[in-house]
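Chemist: Got a predicted model here, sequence first, then my questions.
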Amino acid sequence: MSTVPTGWASDRLKDVAAINAVALSAGTDPDYEFDYLEISNVEYHGIVDPNAIERLRFEDAPSRARRRVVAGSTVISSVRPNLQAVAFFPDAPAHFVCSTGFNVVEPQSSRLLPQFAYYHLISENARQYFEAAATGVGYPAIGDKEFNAIAVPLPHLPEQQRIAAYLDASCAAIDAAVAAKRRQLETLDTLASSIINRAITRGCEEHVSVNSTGIDWFPEVPSKWRIVRFKSLFRLIYRYPTYFNIEYVPEGIAEVRGEALTPEGFIETLPDERYISPETSAQFPKTCLELGDVVMSVRGTMGKIGLVTDKYAGANITANLLRLSPDKRRVTGEFLRWLLRSTYFNEALNSSAPQTTIKTITMPQLAKLRVALPPKPEQHKICNFLKTKVAEVKRIVSGIETQIATLTAYRKSLIHECVTGQRRVTEADVARASSGEPESMSPNR
């Protein structure tokens, strides 16, 4: 920060705050208990899940659980500063410790208020400084010297108090609006799942004659539909018998991995797309993909699927994936894409998997699952219906996500403008923000 407004001062952080002042020593009583905060539990908006704060004994804690956090402190990650893992603790438990991946900042000077320090450390100005000062490629980190030297703008304390109060109220209002919109997204996700599930088990007609199935996942189906074993829909279901010491080449046959399977049931191109030679691919002919095949993950995150389009026809698959090659006389690949995304199928899939640490569905378990199969003309009708209906939901989702992005960007710009003095905060601003009165999302000073 090169300049500050007239009347403001500026100083190095280490001159107005204690940084990592108190830590647990190696000689701490093994039975000493404390609440522990890890970096993975903090993001831009603070603590992600308060329930994830662990109660630990010193003897059982990781070696990085060392830095004490006291009331009025801000904790800020010293690694990956672009993620802005920052949290403020106006109050703190009596025994509260965080990872050494955090720097703990406790204002010590009468010139710096704790809340103002927090807003400065989470500001865009601070983020840019920390990113520029960080070293390392895969895991960039800020050294103590650079962290301690960040310049802190210092308006007079009454103005710091106004800024903090104004940002507290304004950010709370923005966060509430974002939370409401995220709930709307959850509702829309449930709606889309409901539309898919109903169409894939009842078709797209409002009124239809049904038969009872005796199956929990879909107790009724239209009378013209059939209940079949999953394996009967395919001419081939195949998983790699082995996949070790594969050599990759700059160009060749694309390798489809589990990470490439999207929530919509397609295969996306990964930034680190991998290729094997035609000779290597030829060693695994049964997993060489054809147009209309479906790829499915069967270990860990089970049930992720991807329909094979022109781009990946001829590609091969890696371990923990299945190639499902449909019997096109009975079922279309597009209908399978909707079927395998449905709630009822995934509930059946998870129920069939052994309850082990890493869930894995075996071929015999998958093969004997029962599914509802409409006639092929109705499959096409269902696919067209779902394509239209789900696209309508996605358009609404896209609009809400844009609104969330706008609110999040405004929150960042508001903090930046206030702590740098680009926006001067008056008592009237504080009163308006505290009353919940809306304000234009643009600089007004």
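Modeler: Sure, I can see it. Numbers count the residues shown, from 1 in each chain.

Chemist: Which residue ranges make up the domains of this protein?
Modeler: By the assignment in automatic domain parsing, the chain contains the domains 9-154, 157-225+374-445, 229-356.

Chemist: Including mean pLDDT and mean neighbour count, could those go into CSV?
Modeler: Yep, even glycine has a C-beta here, placed from its N, CA and C like the rest. Converted to CSV, these look like this (pLDDT from 0 to 100; neighbours: other C-beta atoms under 10 Å):
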stretch, mean pLDDT, mean neighbour count
domain 9-154, 91, 17
domain 157-225+374-445, 91, 15
domain 229-356, 87, 17
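
Chemist: Looking at those domains, spot the one closest to Met363.
Modeler: Closest of those to Met363 is domain 229-356, at 6.7 Å (criterion: C-beta to C-beta).

Chemist: quick one, helices of the chain?
Modeler: 13-16, 114-121, 124-133, 144-148, 157-202, 278-282, 333-341, 343-352, 363-368, 376-420, 427-435 (DSSP state H).

Chemist: any chance of the ones you listed in JSON lines, with distance to Val210 too?
Modeler: JSON lines is the format used below for those (distance: least, C-beta to C-beta, whole Å):
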{"stretch": "helix 13-16", "distance to Val210": "69"}
{"stretch": "helix 114-121", "distance to Val210": "59"}
{"stretch": "helix 124-133", "distance to Val210": "57"}
{"stretch": "helix 144-148", "distance to Val210": "66"}
{"stretch": "helix 157-202", "distance to Val210": "7"}
{"stretch": "helix 278-282", "distance to Val210": "46"}
{"stretch": "helix 333-341", "distance to Val210": "18"}
{"stretch": "helix 343-352", "distance to Val210": "15"}
{"stretch": "helix 363-368", "distance to Val210": "24"}
{"stretch": "helix 376-420", "distance to Val210": "14"}
{"stretch": "helix 427-435", "distance to Val210": "56"}
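
Chemist: Of those, which is nearest Ser232?
Modeler: Of all those, it is helix 363-368 that lies closest to Ser232, at 8.9 Å by C-beta to C-beta.

Chemist: now for the helices of the chain, which one comes closest to Ala315?
Modeler: Once the helices of the chain are compared by C-beta to C-beta, helix 278-282 is nearest, at 8.4 Å.

Chemist: The closest one packs against which elements?
Modeler: strand 253-256 (3 or more C-beta pairs under 8 Å, 6 or more residues apart in numbering; DSSP states H and E).

Chemist: OK, contacts around the residue nearest to Val371 when sequence neighbours are not counted?
Modeler: Sequence neighbours aside, Phe230 is the residue nearest to Val371 in space, at 5.6 Å (criterion: C-beta to C-beta, 6 or more residues apart in numbering). Neighbouring residues of Phe230 by C-beta atoms under 8 Å, 6 or more residues apart in numbering: Leu366, Ala367, Lys368, Leu369, Arg370, Val371.

Chemist: Mark which of the residues you listed are buried, thanks.
Modeler: Leu366, Leu369, Arg370, Val371 (16 or more other C-beta atoms under 10 Å).

Chemist: that older thread, and Glu54, which of the helices of the chain is closest to it?
Modeler: helix 114-121 (23.3 Å).

Chemist: can you list contacts of that closest one?
Modeler: With C-beta under 8 Å, 6+ apart, helix 114-121 has contacts from 16-17, 72-74, 76, 86, 88, 90, 105-107, 126, 152-153, 160-161, 163-164, 167-168, 415, 418-419.

Chemist: How about the contacts made by the nearest residue to Ala313 once chain neighbours are set aside?
Modeler: Nearest residue to Ala313, sequence neighbours excluded (C-beta to C-beta, 6+ apart): Leu291, at 4.3 Å. Each residue near Leu291 by C-beta under 8 Å, 6+ apart is listed here: Val308, Thr309, Asp310, Ala313, Gly333.

Chemist: I figured the first one hits Arg337, correct?
Modeler: By that I understand Val308. No - the pair Val308 / Arg337 is not scored as a contact, 10.1 Å apart, by C-beta atoms under 8 Å.

Chemist: partners of Leu373 in the sheet?
Modeler: Taking DSSP bridges as the rule, Leu373 bridges to Arg226.

Chemist: how close does the nearest residue to Thr408 once chain neighbours are set aside get to Ala409?
Modeler: Sequence neighbours aside, Val178 is the residue nearest to Thr408 in space, at 6.7 Å (criterion: C-beta to C-beta, 6+ apart). Distance of Val178 to Ala409, computed by C-beta to C-beta, to the nearest Å: 11 Å.

Chemist: rewinding a little: please name the residues that touch the residue nearest to Thr408.
Modeler: Applying C-beta under 8 Å, 6+ apart, the residues contacting Val178 are Ile404, Leu407, Thr408.

Chemist: Am I right that the second one is in contact with Ala177?
Modeler: Think Leu407. Yes - between Leu407 and Ala177 there is a contact under C-beta under 8 Å: 5.8 Å.

Chemist: hang on, the earlier thing: what sits in contact with each of Val308 and Arg337?
Modeler: In contact with both Val308 and Arg337: Val294, using C-beta under 8 Å, 6+ apart.

Chemist: tell me the contacts of the closest residue to Glu43 other than its chain neighbours?
Modeler: Leaving aside its sequence neighbours, Glu43 sits nearest to Ala85 (C-beta to C-beta, 6+ apart; 6.1 Å). For Ala85, the contact set (C-beta under 8 Å, 6+ apart) comprises Ile39, Val42, Glu43, Tyr44, Ile76, Ser77, Phe102.
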